[in-house]
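J.: kindly generate the corresponding structure for this input.
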Amino acid sequence: DKEFGIFPRLTAIVDVRDGEVQGIAWDDACVFCDAKRCQENTYTFDGEQVSLAEPTKGCYYTKAECDDIHSKGGDECDLTLHVVWTGTDTNGNFLTSSNKRYSAFNPKQIRDQLSDAINSILPDVDWPW
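T.: Below you'll find the model as predicted:
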């Protein structure tokens, strides 16, 4: 779509039972933006929206925004695919990385964790937050 063309951040949740993949679902990708930037992101090959019981929306950039970002050397529009696992392996051990998916945290928690990490690396910088 010309207006909502680029959805760069996706999280795939891989469901596994006894080491065998049962399915893959997409996580809520709207944790990266406000509601105005959250749009439907799942369509059939002929361009029709898909209605699923799982989250199918994400944060978008317009093509013009990405062209501008790219021309300035930015990479915010490059695809980032975060894969997490849930279920059990062949030994019955629980796979727990799904607890670390972005939607499991509210935006303030993510912002605070990022701020803490940056401040621990660069403690002498006066950040605006």
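
J.: tell me where the chain has strands.
T.: If you assign secondary structure with DSSP state E, the strands in the chain sit at 9-17, 20-26, 38-40, 57-59, 80-88, 94-95.

J.: any idea which of those strands gets closest to Asp116?
T.: Ranking the strands of the chain by distance to Asp116, with CB to CB as the measure, places strand 80-88 first at 20.2 Å. Glycine gets a C-beta too; all of them are placed from N, C-alpha and C.

J.: buried deepest among the strands of the chain, which one?
T.: When neighbours are counted by mean count of other CB atoms under 10 Å, the highest per-stretch mean among these falls to strand 57-59, a mean of 21.

J.: point out where the protein drops to low pLDDT.
T.: When the per-residue scores of the chain are filtered using pLDDT under 70, the ranges that remain are 1-4, 55, 99-115, 118, 122, 124-129.

J.: tabulate the strands of the chain in TSV, adding columns for distance to His70.
T.: Rendered in TSV, the data for the strands of the chain read as follows (distance: least, CB to CB, whole Å):
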stretch	distance to His70
strand 9-17	16
strand 20-26	25
strand 38-40	21
strand 57-59	17
strand 80-88	15
strand 94-95	36
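
J.: out of these, flag the one nearest Ser51.
T.: Scanning the strands of the chain with CB to CB as the criterion, the closest one proves to be strand 38-40, at 9.6 Å.

J.: and the closest one, which strands flank it?
T.: Each strand that pairs with strand 38-40, with its direction, by DSSP bridges: strand 57-59 (antiparallel).

J.: not counting its own residues, what contacts the partner strand?
T.: Counting contacts by CB atoms under 8 Å, 6 or more residues apart in numbering, the residues outside strand 57-59 that touch it are 7-10, 28-30, 32-33, 37-41.
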